[in-house]
Every structure is written in C-alpha cells, then in structure tokens.
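Trainee: structure for this input, please:
(one chain, ligands or ions: 1)
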Amino acid sequence: MQILVKGTKSKRLRANIQSAVNFYATRLMSKKVRDKLKIFVDVDSSKNHRTDCYGECDPLGRNPITGMKEFRIYAVHRPKTIPKEKNNIFRTIAHEMVHLKQYATGQLGPYLIATKSISGKRLTATRWEGKLYKTREDDSDDNEYYDSPWEIEAYGREIGLYRRWRKSRGEKE
Ligand SMILES: [Zn+2]
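Mentor: The predicted structure is shown next:
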C-alpha cells in the first residue's frame, strides 16, 4: 500500500495522516486488498470554506502500468477557522476510508447509473452489493443521503476507527 499526502507543509500532520490511513486500512481490508492500493490524500488547509463538505473519496481506477487501484481522499483541515468537533481530519479520513474499502472490495460501484422508472421518470442508481440502489437525480434530500447503506456503514464505523487509532497511540479519545 502506498500513501501520498499533499496539501500541507506540516511534517507532523503528514506523518499522523500516514499513521491513521495505515491503521484504518488494516482494520477495514485484508492484506491482499491493501497491497494493491495507492492512496493520494489531498489536505485542504485553505482559509476559504468550500461548502459544508469535509471529505470525499474518489476512485481513480486501476493504473494500467503498476496494476495498483488508485484513490483520492480529500479532507479539510482548518483547525483555526473550524472548531475541531466540527472538522476533525482524522475522523473525516476514517469515514472516507470506509468508502474506499467499499469501492476497493467491489461492495460499492464507482459510477452513478442512469435509469428510468416505470412512469418514465429519470433516476440514477448506485450499485451496492450487486443490487441497484436508486436515488433521484434531483436529490437534494439529505434523508436519502443518510439512509443509503454505504453512508450508514461509514457513519457507523468512523468513530470506532478513530477512537481505536487514538488509543493505539496512547492518546486520550
Ligand atoms: Zn460518506
């Protein structure tokens, strides 16, 4: 597994992110899956606040030369402008690593699929555990976001992963 952190000059933050990504990956995936991963972590420490999105996980596909499955994780880190309880980069990364596991193991499909309902309404769908999971295209409804099985898993696991990582370093939760 390769981890590349950019977007911060802090060596300490980079080392801590490496440690967290390693820890989360070990708890989420088998060695066989982990060994084929290349993860780019893009830290956003800029002052301007881009919406309320604190993290993202984008599957970049398989590199044809190295055979590695590549991913980009975007994570906001603004301890000076956003209080830590609202923006904890290590907890954000734990959440995004759950999505990375979902993509890397094929549990979650990487693309939105356009479909049509019986009444002809345009729908989009995501493949989850082999089944199509429909979402409306004009989905501005937060409930659907929180109810999707991949978000339930990510929200459910982020805190436990984060706490165990802290504990493994002898830090308080
Ligand atoms: Zn999520």
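Trainee: need the residue closest to the centroid of the chain.
Mentor: Nearest to the mean C-alpha position of the chain, by Cα atoms, centre = their mean, lies residue 96 at 1.7 Å.
Trainee: what does the pLDDT read for that residue?
Mentor: Here the pLDDT value assigned to residue 96 is 97.
Trainee: give the other helices and strands that whatever helix or strand it lives in contacts.
Mentor: Assigned by DSSP states H and E, residue 96 belongs to helix 89-104. Applying 3 or more Cβ pairs under 8 Å, 6 or more residues apart in numbering; DSSP states H and E, one finds that helix 89-104 contacts helix 11-28, strand 37-44, strand 55-62, strand 69-76, strand 108-116, helix 149-168. To be clear about C-beta, it is placed using only N, CA and C from the backbone, and glycine gets the same treatment.
Trainee: compare the ones you listed and give me the one nearest the ion.
Mentor: helix 149-168 (4.3 Å; Cβ to the ion).
Trainee: next, work out how far apart the residue in the chain sticking out farthest from the centre and residue 4 are.
Mentor: What lies farthest from the middle of the chain is residue 119; by Cα atoms, centre = their mean that is 34.5 Å. For residue 119, the distance to residue 4 (Cβ to Cβ, to the nearest Å) stands at 47 Å.
Trainee: am I right that the residue farthest from the centre of the chain is in a helix?
Mentor: No: judged by DSSP: H, G, I helix; E, B strand; the rest coil, residue 119 forms no part of a helix; its state is coil.
Trainee: before we move on, back to that, does the ion sit close to the helix holding residue 96?
Mentor: No: with Cβ under 5 Å from the ion as the criterion, the ion is not reached by helix 89-104; the gap is at least 5.6 Å.
Trainee: how distant is that helix from the center of its chain?
Mentor: Centroid separation for helix 89-104 versus its chain: 3 Å, with Cα atoms, centre = their mean, to the nearest Å.
Trainee: sweet, I'm off.
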